[in-house]
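>>> Need the 3D shape of this:
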Amino acid sequence: MKNSFLLFIFLMPLSLIAQNIDYNDKGGFVAKGYDVVAYFDNAPKAGKSKYTIKHEGAKYKFSTKTNLVKFKKNPTKYIPQYGGYCAYAMGKDGSKVSINPKTYEIIDGKLYLFYNSFGINTLKKWNKQAPKKLKKQADAYWEEVMNVE
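Predicted structure coming up:
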């Protein structure tokens, strides 16, 4: 009993941290309601309301029940990097910028989303500039800004 209590006390702060991640879900869902699993089939699709799940305080939609099940089995594989905010903006200066769910890239098995509107396509900027450097900078900035303020 004592060991169980100590384990609970030890793990509780970890769960509180996970729940405080600032996911880009301004429209109610991460990736603006697009199916985060479908990106890995190179087929971004809008999710359906009947296939939704809440994970770490953020809501996700899926286009099929199969994709919902895949997400449940391994959510960390499918969650967009930087909480679903624009990867380019995160790498440039740590800004939390909205995205266009149709503008994305899978890099080393991870999903990166980008802003693309009003003639500004940040995926093109990401690829024109030094993507490895931007990714490294984005990783560092995300560690600073990932929690809800």
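>>> Buried residues of the helix or strand that contains Glu144, list them for me.
Assigned by DSSP states H and E, Glu144 belongs to helix 131-145. Within helix 131-145, the residues that qualify as buried by neighbour count (16 or more other Cβ atoms under 10 Å) are Pro131, Leu134, Lys135, Gln137, Ala138, Tyr141, Trp142, Val145. Using the backbone N, CA and C atoms, a C-beta is placed for each residue, glycine as well.
>>> nearest residue to the third one other than its sequence neighbours?
Beyond its immediate neighbours in the sequence, the residue positioned closest to Lys135 (Cβ to Cβ, 6 or more residues apart in numbering) is Gly91, lying 6.4 Å away.
>>> So what's the residue count around that neighbour?
If you count neighbours by other Cβ atoms under 10 Å, Gly91 ends up with 27.
>>> Now do the SS call for it.
In the three-state summary, Gly91 is assigned as helix, counting by DSSP: H, G, I helix; E, B strand; the rest coil.
>>> and Pro44, what is it in contact with?
By Cβ atoms under 8 Å, 6 or more residues apart in numbering, the contact set of Pro44 is Tyr34, Asp35, Ala38, Pro101, Lys102, Tyr104.
>>> still on that earlier bit, let me see the mean pLDDT of the helix holding Glu144.
Helix 131-145 carries an average pLDDT of 96.
>>> do stretch 55-70 as well
The predicted confidence, averaged over stretch 55-70, sits at 97.
>>> Give me the helix or strand of the chain that scores worst on average pLDDT.
Taking mean pLDDT, DSSP states H and E as the measure, the helix or strand of the chain with the lowest value is helix 2-19, at a mean of 45.
>>> Describe which strands the helix or strand following that one pairs with in its sheet and in which direction.
Following the chain from helix 2-19 toward its C-terminal end, the next helix or strand by DSSP H and E is strand 48-55. Using DSSP bridges, the neighbouring strands of strand 48-55 in the sheet come out as strand 58-62 (antiparallel).
>>> The helix holding Glu144 - contacts with which helices or strands?
Under the contact criterion of 3 or more Cβ pairs under 8 Å, 6 or more residues apart in numbering; DSSP states H and E, the helices and strands touching helix 131-145 comprise helix 87-93.
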